[in-house]
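S.K.: the sequence and its predicted three-dimensional model are supplied below.
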Amino acid sequence: MEVKIAPSILAADFSRLKEEVESVETADWLHLDIMDGQFVPNISFGPDVVKAVRSHSSLLFDVHLMVHEPDPFLESFKEAGADRLTVHVEACRHLHRTLSNIRELGLRAGVALNPATPASMVAPVLHLVDLVLVMTVNPGFGGQRFLPETLGKLAEVRRMVERMGVGPVELEVDGGIDSSTAPLVVEAGATALVAGTSIFREPDRSRAIARLREAAGARPAPS
């Protein structure tokens with residue numbers, strides 16, 4: 001799979017969000033982190049912001065629900081313009097049902113793992129998803145340092161996907177991704193890179209995205 005770049009608007013300047021979103025149109029996806037203050041120790045934004053941003057971007061909306069028991073919110077994020085909804089293993093009482101509900105809404109479905117959650121937790125639902133998100137930091141805040149111990153889990157998920165013959169399944173990483181960590185996660189099997197600070201801190205966003213693509217291509221992802 002070609003490596004996708006997904007800027008996270010959590011790192012954007014929300015006082016000029018329209019311009020910030022338009023500045024990353026050379027990326028593949030737009031990553032939108034939804035935090036409820038319960039599952040993670042922070043609150044970000046909800047469907048209204050997603051809907052407002054939708055009118056200013058043609059990118060695939062990769063919506064990451066860091067939300068405890070997300071089922072009541074699935075439809076509202078679909079209506080707001082989400083293309084994919086990713087939910088956490090740790091946040092869903094009935095994960096299989098939640099992922100099935102996302103698919104029944106006509107959306108792509110993803111499943112996410114926190115750093116301390118073993119890769120095996122996604123095995124029973126791999127046939128229901130098009131993406132597995134491996135958190136490479138503990139979720140809740142942007143700008144954190146990459147956790148190198150997550151590389152083994154990335155490789156384990158990639159082997160699991162190949163062994164089970166499901167797919168195509170994107171393997172996404174989120175947390176501390178920049179030009180130095182991108183080659184490491186791609187070598188471990190990542191096919192989609194979420195990057196916030198490393199893109200939005202740069203004045204030239206297109207150049208920052210291009211630099212990340214170049215770094216990600218330094219070592220090819222497994223076929």
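M.R.: Everything's here; your move.
S.K.: now the strands for the protein?
M.R.: Along the chain, counting by DSSP state E, strands occupy 4-7, 29-35, 60-66, 84-88, 108-113, 131-135, 170-174, 192-195.
S.K.: for Glu162, find the nearest of these.
M.R.: In terms of C-beta to C-beta, the element of the strands of the chain nearest to Glu162 is strand 170-174, at 10.6 Å. In short, each C-beta sits where N, CA and C put it, glycine included.
S.K.: could you dump the longest helix seen in the chain to PDB, C-alpha only?
M.R.: Of all segments of type helix in the chain, defined using DSSP state H, the longest is helix 151-164. Output of helix 151-164 as PDB, limited to C-alpha atoms (Å, rounded to 0.1, in the frame of the first residue of the first chain):
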ATOM      1  CA  LEU A 151       7.100  -0.600  17.000                       C
ATOM      2  CA  GLY A 152       6.900  -4.200  17.900                       C
ATOM      3  CA  LYS A 153       3.100  -4.000  18.100                       C
ATOM      4  CA  LEU A 154       2.900  -2.400  14.700                       C
ATOM      5  CA  ALA A 155       4.800  -5.300  13.200                       C
ATOM      6  CA  GLU A 156       2.600  -7.800  15.100                       C
ATOM      7  CA  VAL A 157      -0.600  -6.300  13.700                       C
ATOM      8  CA  ARG A 158       0.800  -6.300  10.200                       C
ATOM      9  CA  ARG A 159       1.700 -10.000  10.500                       C
ATOM     10  CA  MET A 160      -1.700 -10.700  12.000                       C
ATOM     11  CA  VAL A 161      -3.500  -9.000   9.000                       C
ATOM     12  CA  GLU A 162      -1.400 -11.000   6.500                       C
ATOM     13  CA  ARG A 163      -1.800 -14.300   8.400                       C
ATOM     14  CA  MET A 164      -5.600 -13.900   8.600                       C
END
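S.K.: which residues does it contact?
M.R.: If you take C-beta atoms under 8 Å, 6 or more residues apart in numbering as the criterion, helix 151-164 is touched by 113, 115, 118-120, 122-123, 126-127, 132, 134, 167, 169, 171, 173, 184-185, 188-190, 222.
S.K.: how about that helix: buried residues?
M.R.: Leu151, Lys153, Leu154, Ala155, Glu156, Val157, Arg158, Met160, Val161 (16 or more other C-beta atoms under 10 Å).
S.K.: Lys18: which of these is nearest?
M.R.: Leu154 (34.1 Å).
S.K.: what's the neighbour count on the closest residue in space to the closest one that isn't next to it in sequence?
M.R.: Leaving out its chain neighbours, the residue that sits closest to Leu154 by C-beta to C-beta, 6 or more residues apart in numbering is Ala188, at 3.9 Å. Neighbours of Ala188 under the rule other C-beta atoms under 10 Å: 22.
S.K.: can I get the buried residues of helix 151-164 in a markdown table with pLDDT and distance to Val49?
M.R.: Shown next, in a markdown table, are the buried residues of helix 151-164 (pLDDT from 0 to 100; distance: C-beta to C-beta, whole Å):
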| residue | pLDDT | distance to Val49 |
| --- | --- | --- |
| Leu151 | 96 | 33 |
| Lys153 | 95 | 31 |
| Leu154 | 96 | 30 |
| Ala155 | 97 | 35 |
| Glu156 | 97 | 35 |
| Val157 | 97 | 30 |
| Arg158 | 96 | 33 |
| Met160 | 96 | 34 |
| Val161 | 95 | 32 |
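S.K.: which of those sits closest to Ala195?
M.R.: Leu154 (15.8 Å).
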